[in-house]
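Student: I would like to see how this sequence folds:
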Amino acid sequence: MARILIVDDSPSQLMGIRRIVEKLGHEAVTAEDGAAGVEAAKRELPDLVLMDVVMPNLNGFQATRSICREPTTRHIPVVLVTTKDQDTDRVWGMRQGAKAYITKPFNETDLAEIIGQLLPG
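Tutor: The predicted model follows:
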């Protein structure tokens, strides 16, 4: 069982993604914005982060960059899970250090597949 950090400012999205993560047999930890997500990543050291982009305080691109550059968290794969579906958004997200990018609304099977690919062994 892996610990997965879900960062999203929408309570309904947090609940929906948490349900999928727990259905896959993993532990879910949540944060409601990018700044809280960065702090939770440092504190919890999850195996994977599922990060929204459009959030208050620190957006998902900024939070991803912070997690991917911080020595204590840079090993944690980040997946951007967002409504931003332009190619430029995808390229920018990957340049911030994200390992994958999935757009909302997403297919539960696609999210499960990405989680499976990125979790260690």
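Student: show me what contacts the residue positioned nearest the centre of the chain?
Tutor: Nearest to the mean C-alpha position of the chain, by C-alpha atoms, centre = their mean, lies residue 50 at 1.6 Å. Counting by C-beta atoms under 8 Å, 6 or more residues apart in numbering, residue 50 makes contact with 4, 5, 6, 7, 8, 17, 21, 79, 81, 111, 115. Where C-beta positions appear, they are placed from N, C-alpha and C, glycine not excepted.
Student: Strands - which of those land there?
Tutor: 4, 5, 6, 7, 79, 81 (DSSP state E).
Student: Can you pull the poorly scored residue ranges out of this protein?
Tutor: 121 (pLDDT under 70).
Student: quick revisit: pretty sure the residue nearest to the centre of the chain sits in a helix.
Tutor: No. Counting by DSSP: H, G, I helix; E, B strand; the rest coil, residue 50 is located in no helix; its state is strand.
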